[in-house]
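Asks: just a sequence and a predicted model for now, questions to come.
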Amino acid sequence: MSERLAVCMFDNETVRGGAEEHLLGLLQGLDRARFRPLLAAPAALLDLLGCDLPQDVTLLPIELRSHRQLGRMARLASFLRREQVGVLHSHGFRPSLVASPVARFARIPVTVETPHIREYWRKGWKASFAIDRAASRFVDAYIAVSEANGRYLRDEKKLPAEKIRVIRNGCSLAHFAAAVVVPEGFKQTAGFRAHDPVLLTAARLEPQKGHAVLLRAMAALKPEFPALRLVLLGEGSLREELASLARELGLADSVLMPGHSPDTRVWMSAADVCVLPSFAEGLPLFAIESLAAARPMVATAVDGTPEIVLDKRTGLLVPPGDAAALAEAIAEVLRHPQAAAERAMEGACYVRAEFTIERQLRETEDLYDLLWTRKTGRVMPTRAEAARIPSEAHACAAGVD
């Protein structure tokens, strides 16, 4: 086999969050000698990904949220067949629920789902996960982004264990490990004074991420640290509600909500503490990136986060939803900056060894290879073999038009 395997990512989000950074990393890094990347997603998300999307990614603007959207289902099926897609990789349970059956109908050989997160908000019959198990017949493999995520899929959702593969998230760590100089006057431009201590979190403004708990912790910290400032990077449905809560807590002048930032490194370099107050996570990229940048980290002990933030070794962990405990952990970092810096340096060494995008890409490509061969009986070329195949893919990978 000399032709490249077409892999189509599918997502339904209209905001840019961790799952979108995850799929973007795959689209950017897949071996172009062996794989041809495609993306089907809402136009709003394609706009947000913008120039970060490689030019050789084939795009389908589509928002498909229900099996009742028959016209859109037919459009997706036609796209998959026309592009001769070999692997449909959906990101999230709901996108997979609608797209994986379409792929099966279109006779796409391989379907993969990355659930990304524990769905702690499910109530009633939805919490039985019966629909998940019924839909699993359309999915060939589930990628769990952390060991905790894998246990959730196996032990709580009770999905077929043989279909679950743990591939922990990774990042382009060199991007964050490189020293970044904070531009002169950066804090003042943001409305802060040069020596104000700064807390930073980067996450979608959604209930799962626990921003309201962080705001209450911030209010508790202000008597001891009156100059403390908080930056909430990201967009989401809670923007106005969080702004209102900040005003109610007397924090309006201390909280900045600049929206999504295409490059968080400068914000991290200006931050004294990176904070992740989530109620649920898969394996948070923000925690990996923060430690790669050697920033002190405080986070909630949920799901895959303790696989990155090792309590009292690479950062500090607190229970989710506990504003008092969160405030005390942040105060510990601010009171003892040397100890916090030592933990951050240990965290930098740890994530650079364990959470590289190169490792994640290699393991994901190996899974695609395995599933393709299992379903079709055809063997993908090895990396060494593919490197010897002359192809326009090499020009694409090198950025040549």
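Replies: In hand now; what should we look at?
Asks: mind pulling up the pLDDT for Leu24?
Replies: Predicted confidence (pLDDT) for Leu24: 95.
Asks: count of neighbours near it?
Replies: Here the count is done by other C-beta atoms under 10 Å, and Leu24 has 19 residues near it. No exception for glycine: its C-beta is placed from N, CA and C like everyone else's.
Asks: that one should be in a helix, yeah?
Replies: Yes. Per DSSP: H, G, I helix; E, B strand; the rest coil, Leu24 lies within a helix segment.
Asks: contacts only, for it.
Replies: Shown in contact with Leu24 (C-beta atoms under 8 Å, 6 or more residues apart in numbering): 49, 52-53.
Asks: do Arg75 as well
Replies: Taking C-beta under 8 Å, 6+ apart, we find Arg75 in contact with 60, 62.
Asks: doesn't it belong to a strand?
Replies: No. Counting by three-state DSSP, Arg75 is not part of a strand but helix.
Asks: mark which of the contacts of Leu24 are part of helices, please.
Replies: The helices, defined by DSSP state H, take in Leu49 from the contacts of Leu24.
Asks: are any of the contacts of Leu24 buried, and which?
Replies: For these, a burial check counting by 16 or more other C-beta atoms under 10 Å picks out 49, 53.
Asks: can I get the contacts of Leu24 in JSON lines including distance to Gly92 and pLDDT?
Replies: Shown next, in JSON lines, are these (distance: C-beta to C-beta, whole Å; pLDDT from 0 to 100):
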{"residue": "Leu49", "distance to Gly92": "16", "pLDDT": "94"}
{"residue": "Asp52", "distance to Gly92": "20", "pLDDT": "92"}
{"residue": "Leu53", "distance to Gly92": "19", "pLDDT": "96"}
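Asks: and the contacts of Leu24, which is closest to Glu206?
Replies: Leu49 (18.7 Å; C-beta to C-beta).
Asks: isn't the closest one up against Glu20?
Replies: Yes. Between Leu49 and Glu20 a contact is recorded at 6.9 Å, counting by C-beta atoms under 8 Å.
Asks: show me where the stretch 1-150 of the chain has strands.
Replies: Ranges of strands within the stretch 1-150 of the chain are 5-10, 35-41, 58-61, 85-91, 110-114, 141-144, based on DSSP state E, counting those that start in this stretch.
Asks: how about those in TSV, adding mean pLDDT?
Replies: Converted to TSV, the strands of the stretch 1-150 of the chain look like this (pLDDT from 0 to 100):
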stretch	mean pLDDT
strand 5-10	98
strand 35-41	98
strand 58-61	98
strand 85-91	98
strand 110-114	98
strand 141-144	98
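Asks: how about CSV for those, with distance to Arg247 and mean neighbour count added?
Replies: Output for the strands of the stretch 1-150 of the chain, formatted as CSV (distance: least, C-beta to C-beta, whole Å; neighbours: other C-beta atoms under 10 Å):
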stretch, distance to Arg247, mean neighbour count
strand 5-10, 39, 24
strand 35-41, 35, 24
strand 58-61, 38, 15
strand 85-91, 35, 26
strand 110-114, 38, 26
strand 141-144, 40, 24
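Asks: how about those strands in a markdown table, adding distance to Arg154?
Replies: Formatted as a markdown table, these follow (distance: least, C-beta to C-beta, whole Å):
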| stretch | distance to Arg154 |
| --- | --- |
| strand 5-10 | 23 |
| strand 35-41 | 28 |
| strand 58-61 | 32 |
| strand 85-91 | 19 |
| strand 110-114 | 14 |
| strand 141-144 | 8 |
